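Undergrad: sequence plus the predicted model coming up.
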Amino acid sequence: MSIAIDWHLARALLEWQVELGVTDALGLEPVNRFDRVEARAHAVSAPMAAPAAAPGAMLPDGPDPVAEARRIAGAARTLSDLAEALAGFPHCDLRRGAQTCVFADGNPQARVMIVGEGPGADEDRIGRPFVGKAGQLLDLMFRAIGLSRTSPDPAASLYITNTVPWRPPGNREPSAEELAMLHPFLMRHIELADPDLLVVIGNVACDALLGRRGITRLRGTWTEAAGRPALPMLHPAYLLRTPAAKREAWADLLSLQARLKELQ
């Protein structure tokens, strides 16, 4: 049975999908990921399964990308060096589907560094993190406690980056392999920027920096990441979907403001 769809309805359906982030065609046939999980479990349990390569070992098609990332990131002496090295890093497949390497935005001398998840469609197009609707809300949130990415004063400014610099296809979350591959660049980024405090936005950033997930449980509780105080917070995109959670985000912003005053 076929259903006739006129031009206006088809356009409305397409715009709805784009609003949800469905902007990339990844294959002609649907993928049953349950089959993949079963296949992976069978491969792991197979008696003759080959051992995984040790970190830093040479793989059949070249060097271990994580070891290469450590070497390249560690050689960067400035943020400009790191941005150039990251843009030229050849081993992450995310770069193939992205328009731009989204490195950072804001004041590199800022006391507060925000680490988000990954670029979306707007960020990929413009080349800066947090510039879409979620980014606009993020700016309003931090402006309420006197912090802005455009301020030249380090005490009143923000510096913003993401766990991965390339937009994942269809706005999916970065995989564990992608996070591990790009982790050395993120840690070197934090080391070179040397902020007083980190704000860890969303589950993916918590996974990358804290090794934990469950942002609704983690948010609001100070911890440590990259050798400095870190505050997990809800992602602005979550707040747009769940406006009632803005009360919790406001409490976290006040906690951040108080911590900054303590460090003055």
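TA: On my side now, so go ahead.

Undergrad: C-alpha only now, for contacts and for neighbours.
TA: Will do.

Undergrad: which residue is nearest the middle of this protein?
TA: Glu117 (2.0 Å; C-alpha atoms, centre = their mean).

Undergrad: only alpha carbons, please: show stretch 180-198 as PDB.
TA: What follows is stretch 180-198, C-alpha atoms only, in PDB (Å, rounded to 0.1, in the frame of the first residue of the first chain):
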ATOM      1  CA  ALA A 180      40.500   7.600  22.900                       C
ATOM      2  CA  MET A 181      42.200   8.600  19.700                       C
ATOM      3  CA  LEU A 182      41.600  12.300  20.300                       C
ATOM      4  CA  HIS A 183      42.100  12.300  24.100                       C
ATOM      5  CA  PRO A 184      45.800  13.200  24.000                       C
ATOM      6  CA  PHE A 185      44.900  16.400  22.000                       C
ATOM      7  CA  LEU A 186      42.200  17.300  24.500                       C
ATOM      8  CA  MET A 187      44.600  16.800  27.500                       C
ATOM      9  CA  ARG A 188      47.300  18.900  25.800                       C
ATOM     10  CA  HIS A 189      44.800  21.500  25.000                       C
ATOM     11  CA  ILE A 190      43.900  21.900  28.700                       C
ATOM     12  CA  GLU A 191      47.500  21.800  29.600                       C
ATOM     13  CA  LEU A 192      48.500  24.600  27.200                       C
ATOM     14  CA  ALA A 193      45.400  26.800  28.100                       C
ATOM     15  CA  ASP A 194      46.000  26.200  31.800                       C
ATOM     16  CA  PRO A 195      42.600  27.300  33.200                       C
ATOM     17  CA  ASP A 196      41.900  27.500  36.900                       C
ATOM     18  CA  LEU A 197      38.700  25.500  36.500                       C
ATOM     19  CA  LEU A 198      37.000  23.200  34.100                       C
END
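
Undergrad: how about the strands of the protein, start to end?
TA: Counting by DSSP state E, one finds strands in the chain at the ranges 58-59, 62-63, 105-106, 112-116, 158-162, 197-201, 223-225, 228-233.

Undergrad: of all these, which one is nearest Asp252?
TA: Across the strands of the chain, Asp252 has its closest neighbour in strand 228-233 (6.9 Å, C-alpha to C-alpha).

Undergrad: follow-up on the earlier one: can I get the strands of the chain in JSON lines including distance to Arg241?
TA: Conversion of the strands of the chain to JSON lines gives the following (distance: least, C-alpha to C-alpha, whole Å):
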{"stretch": "strand 58-59", "distance to Arg241": "43"}
{"stretch": "strand 62-63", "distance to Arg241": "42"}
{"stretch": "strand 105-106", "distance to Arg241": "25"}
{"stretch": "strand 112-116", "distance to Arg241": "17"}
{"stretch": "strand 158-162", "distance to Arg241": "21"}
{"stretch": "strand 197-201", "distance to Arg241": "15"}
{"stretch": "strand 223-225", "distance to Arg241": "26"}
{"stretch": "strand 228-233", "distance to Arg241": "15"}
